[in-house]
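Enquirer: one predicted model, sequence on top.
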Amino acid sequence: MYAKTLAPPDHPDVIDKVVFIAQMCSRFGMSSMFLIDLIFESLKVKGCPYVKLEEYVRMICVFLTTDITIKINYVFRCYDSHRDGHLDYLTIHTLLTSSVITSSDDHDNEDHVRELFDLVLAMSDKNNDGAISLEEFSDLVHRDILCIELLGSVLPLPKPLNSFLVLIKGKPQHAVSFYFANERENCLQAPHLPPHEDGLYPVRLELP
């Protein structure tokens, strides 16, 4: 019932991007427009400006599940912007660049990204092809769960996720619908990015 409150009255089976962005920020504590856009693109059909309601519900289920394999598949899908089953040099470089706190020296920034790139490949690229497959990514995360968002945070932080769970867990449908009745309207009035808060998987990596 929560997801249905986000759909426009004339299209009850979809969620538009402005509402999606606002929900990721306000309900789930995400703060990177770049990464939120990756999530949105991973869920929608190519060429469509909306996310289907059922895909949004699946994403919420991924957020709430304790099944690490499901989370791994979701995270990799978000990262895999080319939809070819591999994270190549350009994809990894772009993800790392978006996660590094920049300085005024572009040369230093590029050096930091390159160092991180080499480290990521050393940890995960088992066949030395310069790319990361889903199998390699899964193996890395199963060895160290902290690596699940190594290339950027596309899962909610625990605090906002727990707050959301309190609102829906064990509640009757009418109570959930009543609580979220104005959720879409609130999203349309003031969608914005909150100040960044460091968490278990910080969106930005501060380098020495």
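Expert: It's in.
Enquirer: need the nearest residue in space to residue 184, chain neighbours excluded.
Expert: residue 6 (5.2 Å; C-beta to C-beta, 6 or more residues apart in numbering). Quick note: C-beta positions are derived from backbone N, CA and C, even for glycine.
Enquirer: so what's that neighbour up against?
Expert: 15, 19-20, 23, 56, 183-184, 187 (C-beta atoms under 8 Å, 6 or more residues apart in numbering).
Enquirer: how close does it sit to residue 170?
Expert: In this view, residue 6 and residue 170 are 21 Å apart by C-beta to C-beta, to the nearest Å.
Enquirer: give me the mean pLDDT for stretch 5-22.
Expert: For stretch 5-22, mean pLDDT rounds to 93.
Enquirer: and the end-to-end length of that stretch?
Expert: 14 Å (C-alpha to C-alpha, to the nearest Å).
Enquirer: show me what the helix or strand bottoming out on mean pLDDT in the chain is packed against.
Expert: Across the helices and strands of the chain, mean pLDDT, DSSP states H and E gives its lowest value to helix 106-124, namely a mean of 84. Secondary-structure packing of helix 106-124 (3 or more C-beta pairs under 8 Å, 6 or more residues apart in numbering; DSSP states H and E): helix 89-99, strand 132-133, helix 134-143.
Enquirer: okay, it in PDB with CA atoms only?
Expert: Extracted in PDB, the C-alpha atoms of helix 106-124 (Å, rounded to 0.1, in the frame of the first residue of the first chain):
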ATOM      1  CA  ASP A 106      42.800  17.500 -10.800                       C
ATOM      2  CA  HIS A 107      46.000  15.600 -11.100                       C
ATOM      3  CA  ASP A 108      45.800  14.500  -7.500                       C
ATOM      4  CA  ASN A 109      42.200  13.500  -8.000                       C
ATOM      5  CA  GLU A 110      43.000  11.300 -11.000                       C
ATOM      6  CA  ASP A 111      45.900   9.700  -9.000                       C
ATOM      7  CA  HIS A 112      43.600   8.900  -6.200                       C
ATOM      8  CA  VAL A 113      41.000   7.300  -8.500                       C
ATOM      9  CA  ARG A 114      43.700   5.300 -10.300                       C
ATOM     10  CA  GLU A 115      45.000   4.000  -6.900                       C
ATOM     11  CA  LEU A 116      41.500   3.000  -5.900                       C
ATOM     12  CA  PHE A 117      40.900   1.400  -9.300                       C
ATOM     13  CA  ASP A 118      44.000  -0.700  -9.000                       C
ATOM     14  CA  LEU A 119      43.000  -1.700  -5.500                       C
ATOM     15  CA  VAL A 120      39.500  -2.700  -6.500                       C
ATOM     16  CA  LEU A 121      40.800  -4.900  -9.400                       C
ATOM     17  CA  ALA A 122      43.400  -6.500  -7.200                       C
ATOM     18  CA  MET A 123      40.700  -7.500  -4.800                       C
ATOM     19  CA  SER A 124      38.100  -8.800  -7.300                       C
END
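Enquirer: re the thing from before, right, so the helices and strands packed on helix 106-124: which one is the most enclosed?
Expert: Each of these was scored by mean neighbour count; the highest is strand 132-133, a mean of 22, by mean count of other C-beta atoms under 10 Å.
Enquirer: what helices or strands is it leaning on?
Expert: So strand 132-133, by 3+ C-beta pairs under 8 Å, 6+ apart, packs with strand 86-87, helix 106-124.
Enquirer: all set now, cheers.
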